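Enquirer: sequence below, structure please.
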Amino acid sequence: MNQGLSRKDGEMVYLFIHNGTLIDGNGGKPLENAGVLIKDQQIIAAGVEDSIKHPHEKIKYIDAQKGFILPGFIDCHVHLMFTGFRFEDPLFTPLSLYFYQATVNLKKTLNAGVTTVRDAGMADFGVKTAVEQGIIPGPRLQISIMPLSVSGGHFDLQLKSGHQVKTTYPGLPESVCDGKDEVRKRVREVLRAGADVVKVMVTGGVISANDSPEHPQFTREELQVIVEETSFRGLGVMAHAHGSQGIKNALKSGIRSIEHGTYLDPECIDLLLETDSWMVPTMLVHKINLEKLEAGELPEYSQEDTRDVYFKNQESVQSALKAGVKIVMGTDSGIGPHGQNLRELGLLCKAGMEPMEALQAGTKHAAELLGWQDKIGTIEPGKLADVVICATNPLTDIQSLGNPDNIQVVVKEGKIFKDIRMQENSFKDVQNHEL
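Expert: You can find the predicted model right below:
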């Protein structure tokens, strides 16, 4: 489903969402009997339904049916090219299959109510362009192209046996770089390939054969080169960072987005506050990895790290929240299943957020991290028309958002990509016809 708002004869068609409770992302009291008026790709009015003046042109109505009208959600850490992750996968998987799988992953993400994502590695410029041109449905993307890794680091896919898993192709540069000159060149290559943000592995990882999450990677000098080169284009850097020393190195080098943040110590928290940096804890992937561990689905080399990281991550998020660190939604979907993104909000609440704070972590504040706060993140005039309608009240049942069936309508830039009520009615029509 992809219903636009313009007629072929040029007559403008407005979209009016009404008969719902508006939670606009700004943190205020929910507004009952609310409406949102959309023209083209943009919101032009939002408020009490009866107060919104209707234009004389044709209007398409969406009845929220007493549901809850929310901004489109933003996931700040996904991997759309992954459908589960094992190091040996590229040995058996044709390159083209990753792209076909990605079309499914994109659609699942959008159907979950996520209209914007920051891809943390492997989605290339062609994937982003295909979504922008409407060739495939999906959330709008910020892409990092290829994560940077040191030799022997978290994204060096040469194993102890000497064998190497190849992941590069034209448009996807090499990952491994060592020393300031090589690092500088690799950053330029990633930017040339179309990166909106540069991703760097400043520590080891959980599902990693060559290292452990605590191990720091890259020197301060190398990290400063990455920040410098990226800043020339006015872009940012996101740091995969579990261990405390790697987190400190990243923050002291000017990186302002810490992904995972598992082993925070008091100095890490002080630095996050001092530098006004962000934390993207990806609690969902750690929970899913623990579930895989208990089901016997993880390789032996990652089992101990998986259990330890799950509990340490919870402790760190709780400490960071109490201290006032800025935390936003990111799920690492792709390592875990796609389409469950909003489960992260329930986990953030378990760690200490209030439901309204969690909603903002997935909307307004996530937009601020991405630098797109003037375009998305809230429902107000002038913003892009990214709107979702959920059947349940997220302020009393935040976990209900984790079920995509509760996300009944998804509108992205004024186009309806999902309306579960219409799908149900179509199914009933088919059933009646068959009878």
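Enquirer: contacts for the longest helix along the chain, please.
Expert: Across the chain, the longest stretch assigned as helix under DSSP state H is helix 300-323. In this structure, residues lying in contact with helix 300-323 by C-beta atoms under 8 Å, 6 or more residues apart in numbering are 206-209, 212-213, 242, 260-264, 269, 272-273, 279, 281-283, 286-287, 289-290, 292-293, 298, 327, 348, 351-353. (C-beta placed from N, C-alpha, C; glycine too.)
Enquirer: flag every buried residue along that helix.
Expert: For helix 300-323, burial by neighbour count (16 or more other C-beta atoms under 10 Å) applies to 302, 305-310, 312-314, 316-317, 319-321.
Enquirer: of those residues, the lowest pLDDT goes to which?
Expert: Ranked by pLDDT, these bottom out at S302, which has 63.
Enquirer: if we can go back for a sec, among the contacts of helix 300-323, which are in helices?
Expert: Among the contacts of helix 300-323, the residues falling in helices (DSSP H) are I269, L272, L273, M283, H286, K287, N289, L290, K292, L293, L348.
Enquirer: ok, so what distance separates N26 from E344?
Expert: 21 Å (C-beta to C-beta, to the nearest Å).
Enquirer: the two: which is more packed in?
Expert: Ranked by neighbour count (other C-beta atoms under 10 Å), N26 and E344 place E344 first, with 31 against 14.
Enquirer: L70: what's it in contact with?
Expert: I23, G25, G113, L359, T363, I379, V387, V388, I389, C390, P394.
Enquirer: could you dump those residues to a markdown table with distance to H338 and neighbour count?
Expert: Output for the contacts of L70, formatted as a markdown table (distance: C-beta to C-beta, whole Å; neighbours: other C-beta atoms under 10 Å):
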| residue | distance to H338 | neighbour count |
| --- | --- | --- |
| I23 | 25 | 26 |
| G25 | 23 | 25 |
| G113 | 13 | 29 |
| L359 | 21 | 27 |
| T363 | 19 | 29 |
| I379 | 25 | 26 |
| V387 | 21 | 29 |
| V388 | 17 | 26 |
| I389 | 21 | 27 |
| C390 | 19 | 24 |
| P394 | 21 | 23 |
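Enquirer: which of these lies closest to R256?
Expert: Proximity of the contacts of L70 to R256 (C-beta to C-beta) peaks at T363, which lies at 19.6 Å.
Enquirer: next, that closest one: phi, psi?
Expert: phi -140, psi -90 (degrees, to the nearest 10).
Enquirer: read off the pLDDT value for it.
Expert: 98.
Enquirer: isn't it up against G25?
Expert: Yes: if you go by C-beta atoms under 8 Å, T363 and G25 touch, sitting 4.2 Å apart.
Enquirer: overlap in contacts of the two?
Expert: With contacts taken as C-beta under 8 Å, 6+ apart, the residues that reach both T363 and G25 are L70, P71, G377, T378.
Enquirer: how is the protein carved up into domains?
Expert: As assigned by automatic domain parsing, the chain contains the domains 13-72+378-426, 73-370.
Enquirer: what's the most buried one of the ones you listed?
Expert: Stretch with highest mean neighbour count among the domains of the chain: domain 73-370 (a mean of 21; mean count of other C-beta atoms under 10 Å).
Enquirer: start to end distance for that one?
Expert: For domain 73-370, the first and last residues are 13 Å from each other (C-alpha to C-alpha, to the nearest Å).
Enquirer: heads up, I number from 27, so please use that
Expert: Renumbered: residue one is now 27, and that last one reads domain 99-396.
Enquirer: C-alpha coordinates for stretch 210-217, CSV please?
Expert: Extracted C-alpha coordinates of stretch 210-217, given in CSV (Å, rounded to 0.1, in the frame of the first residue of the first chain):
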residue,chain,number,x,y,z
ARG,A,210,42.1,9.2,7.1
LYS,A,211,42.0,7.6,3.6
ARG,A,212,39.4,5.1,4.7
VAL,A,213,37.1,7.8,6.1
ARG,A,214,37.4,9.7,2.8
GLU,A,215,36.4,6.5,0.9
VAL,A,216,33.4,5.9,3.1
LEU,A,217,32.3,9.5,2.7
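Enquirer: gap between it and the chain center?
Expert: 23 Å (C-alpha atoms, centre = their mean, to the nearest Å).
Enquirer: over to stretch 43-52?
Expert: 22 Å.
Enquirer: mind checking the pLDDT average for it?
Expert: pLDDT averaged over stretch 43-52 gives 98.
Enquirer: from the ones in helices among the contacts of helix 326-349, which has minimum pLDDT?
Expert: Lowest pLDDT among those: L319, with 74.
Enquirer: how close does the residue lying closest to it once chain neighbours are set aside sit to H312?
Expert: In space, and not counting its chain neighbours, L319 is closest to T332: 4.9 Å by C-beta to C-beta, 6 or more residues apart in numbering. For T332, the distance to H312 (C-beta to C-beta) stands at 8 Å.
Enquirer: overlap of the contact sets of the two?
Expert: V232.
Enquirer: and the helices in the stretch 127-276 of the chain?
Expert: 151-158, 205-218, 246-257, 270-278 (DSSP state H, counting those that start in this stretch).
Enquirer: so can I have CSV of those helices showing mean pLDDT?
Expert: Formatted as CSV, the helices of the stretch 127-276 of the chain follow (pLDDT from 0 to 100):
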stretch, mean pLDDT
helix 151-158, 98
helix 205-218, 98
helix 246-257, 98
helix 270-278, 98
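Enquirer: since that was my last question, I'll sign off now.
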